[in-house]
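In: turn this into a structure:
(one chain, ligands or ions: 2)
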Amino acid sequence: MKKNLFIALEGIDGSGKSTQIKLLEQRLTDAGHKVYTTFEPTDGMIGSVLRSILKGSIKADHRTIAGLFLADRLDHLLNEETGLVKKMKEGYTVITDRYYFSSYAYHATHMDMDWVIAANKLCAEALRPDINLFIDVSPEISMQRINANRVGTELFENIDSLRAVREKYFEAFTKLKDDEHIFITNGDRTVAAIADELWEKVSSLL
Ligand code: ADP
Ligand code: TYD
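Out: Residues are numbered from 1 along each chain as shown. Ligands and ions are numbered 1, 2, ... in the order given. Have a look, this model is predicted:
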C-alpha cells in the first residue's frame, strides 16, 4: 500500500464536500487506513474569528480576510499538537474540507490571484495535497441546497459570488496544472455516483 495520503476537497459552498468526506472516510477506514478528517476555516483561534466575519458579526476588508485565512492555514498545518504536518508523520491519511485552492478561488474575486498563490507557497512547501478533489456543482443547484438547509447565509453565499468563485477555481486549475494534482467530478449527480467516482480516483493512488 502507498504511504498515507493528504486529500483536499474543494468546491463552491453547498457543493457536497462534507457529505462526500464522510463517505470517503468510511471507505478508507474499511480499506485499513487511519483517517483524520478536518476543515478550513478551522475551529482554532483564527478560524473562530473567520467564522464571525463570514456570518457578518465582524466586518473586515477582503485583503484582511485573505491574510487571516493564510494564518489559519499555517496554524492548521504547523500547530505543534494538532497540526497536519504532525498528523501525516503519525501515518494518518488526512482529508481536509477546503485547502489553498479555496483561497485562490474565493479571494481572487477581490484581489490578484498570483498574490494569493505566492502567499500560500509556505503551505504548499509544508504539505501539498496528493490530490485536490473538486466537486463541480452549478451555482444554481448549490444555492438551492443552501437555501433548503440553512437559516441565514454567509458572506459568499449568493449566486453572483458563487458564479465568480467557480470561474476562479477553473482559472486556478489552469494556472497550476503542472504543479498540482487536480481531479474534477460532476457534482450535479447523486451522492452515490459522486462517491463512487471519487473512490475510484483515490483508490488508484493507494
Ligand atoms: P458542503 O460541505 O460543500 O457545504 P454539504 O455536504 O453540506 O456541502 O451539502 C450541502 C447540502 O446538499 C446538504 O443538505 C446535503 O445533504 C445536500 N447534498 C450533498 N450532496 C448532494 C447531492 N449529490 N445531491 C443532492 N443533495 C446533496
Ligand atoms: P465552509 O464552512 O466550508 O462552507 P461550505 O460548507 O458552505 O462550503 O467554508 C466557509 C467559507 O469560507 C466558504 O464560503 C469559503 C470561504 N473560504 C475562503 O473564503 N477562503 C479560504 O481560504 C477558505 C478555506 C474558505
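
In: does Thr96 count as helix, strand or coil?
Out: strand (DSSP: H, G, I helix; E, B strand; the rest coil).

In: quickly list what it is bridged to.
Out: Listed by DSSP bridges, the beta-bridge partners for Thr96 are Ala8, Thr38.

In: that one and Glu40 touch, don't they?
Out: Yes. If you go by C-beta atoms under 8 Å, Thr96 and Glu40 touch, sitting 6.6 Å apart. C-beta here means a position set from N, CA and C on the backbone, and glycine is covered the same way.

In: tell me the pLDDT of the one residue sitting closest to the centre of the chain.
Out: Geometric centre of the chain, nearest residue: Arg98, 1.3 Å, by C-alpha atoms, centre = their mean. Arg98 is assigned a pLDDT of 98 by the prediction.

In: measure it to Ala8 for me?
Out: Separation of Arg98 from Ala8 (C-beta to C-beta, to the nearest Å): 7 Å.

In: if we can go back for a sec, show me what contacts the residue nearest to the centre of the chain?
Out: 8-10, 17, 39-41 (C-beta atoms under 8 Å, 6 or more residues apart in numbering).

In: and the helix-or-strand element of the chain with minimal mean pLDDT, what does it pack onto?
Out: Averaged element by element with mean pLDDT, DSSP states H and E, the chain has its least confident helix or strand at helix 139-149 (a mean of 92). Packing contacts for helix 139-149, counted by 3 or more C-beta pairs under 8 Å, 6 or more residues apart in numbering; DSSP states H and E, involve helix 159-175.

In: please see if the helix it packs on touches ligand 2.
Out: No. Taking C-beta under 6 Å from any ligand atom as the criterion, helix 159-175 and ligand 2 are apart, separated by no less than 7.8 Å.

In: and that helix, what's its mean pLDDT?
Out: The pLDDT scores in helix 159-175 average 97.

In: next: stretch 32-46.
Out: Here the average pLDDT along stretch 32-46 is 97.

In: turn the contacts of Arg98 into TSV, columns for neighbour count and distance to ligand 1.
Out: Formatted as TSV, the contacts of Arg98 follow (neighbours: other C-beta atoms under 10 Å; distance: C-beta to the nearest ligand atom, whole Å):
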residue	neighbour count	distance to ligand 1
Ala8	26	13
Leu9	27	8
Glu10	27	9
Lys17	25	3
Phe39	17	9
Glu40	19	12
Pro41	20	13
